[in-house]
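**Q** Here is my input, please return the structure:
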Amino acid sequence: MKITYTEIIGVPHYQQGDADGLCVYYAMSMVLVALYPEYYKTIHNPPRGKKGVSPIFLMLKKIAQDNKIFHEKIGNWYFNGMKLSEATLILNEIASESYKKVRKDYFLNYPVQYRNMGKKDKVWKVSEICNALTWHLPVILAGGGIPSHAVVAVGWGKEGKKYWITYQDPSRGRVNSELARFIFYDDCEAIVPNQNYFLKHRPPVVITRDNESMYEAWDPEMWPRDKA
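**A** Here you go, the predicted structure:
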């Protein structure tokens, strides 16, 4: 039986503390640095001044427009975590500044289901998550088989009809793999970078087919011209 496996490499693996609820923050940090290497040195810098500050803290401060509200938000994140809808808003604001054009679709946030549950609203399939990973884009996952937590998917594999997802967990220092059907159910949702953007830089991938591996660096020319 043929086995195919694709894994993004070069995505930093940041870890949260034992007592905090900052898994979404750390997942956002991993994805941002993977797509914007220039953020590597400042991604966790505290919000003091305007230079050399974490882009996440800087954007949250801009959105809050008030120091008291800003500090309340940070405290709430620490103890209660952050919703993916809120994280998507912040990520899109950061990307809007980078592209110098305000849009709400640089990062997309939808529920993901292993099987079609007949919902009317937009629901991603497992194949759409795998497609994003194939195109060198790390994906934030939360809910479902990852209850009250968030991780960053960096790879996927297929053996026959079985799919599995490889992800970096902010609460652990190692990479984990899990069958897709044990992740994508109930309230599982994802934040996926829009494939039509982030063409300048994406992390490389390693593709393995039948025990033969191939390193694939990102090249913007790979992306279909009619989709750019």
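**Q** residues of the strand or helix carrying Ala150 that come out buried?
**A** Assigned by DSSP states H and E, Ala150 belongs to strand 146-159. Neighbour counts using 16 or more other Cβ atoms under 10 Å place Ile146, His149, Ala150, Val151, Val152, Ala153, Val154, Gly155, Trp156, Gly157, Lys158 of strand 146-159 among the buried residues. For the C-beta atoms, the positions are set from N, CA and C on the backbone; glycine is no exception.
**Q** Could I get the pLDDT score of the fourth one?
**A** So that's Val151. As predicted, Val151 sits at a pLDDT of 96.
**Q** quick one: contacts for it?
**A** Cys23, Ala27, Ile140, Leu141, Ala142, Tyr167, Gln168, Asp169, Pro170, Asn176 (Cβ atoms under 8 Å, 6 or more residues apart in numbering).
**Q** Mind checking what secondary structure the closest residue to it other than its chain neighbours has?
**A** Nearest non-adjacent residue to Val151, counting by Cβ to Cβ, 6 or more residues apart in numbering: Tyr167, 4.3 Å away. Under DSSP: H, G, I helix; E, B strand; the rest coil, the three-state class of Tyr167 is strand.
**Q** From Thr134, how far out is Tyr167?
**A** When distance is defined by Cβ to Cβ, to the nearest Å, Tyr167 is 15 Å away from Thr134.
**Q** between those two, who's got more neighbours?
**A** Tyr167 (22 against 18; other Cβ atoms under 10 Å).
**Q** All the strands of the chain, in order from the start?
**A** Taking DSSP state E to define them, one finds strands in the chain at 3-8, 107-111, 139-143, 146-159, 162-168, 175-179, 189-193, 205-209, 212-216.
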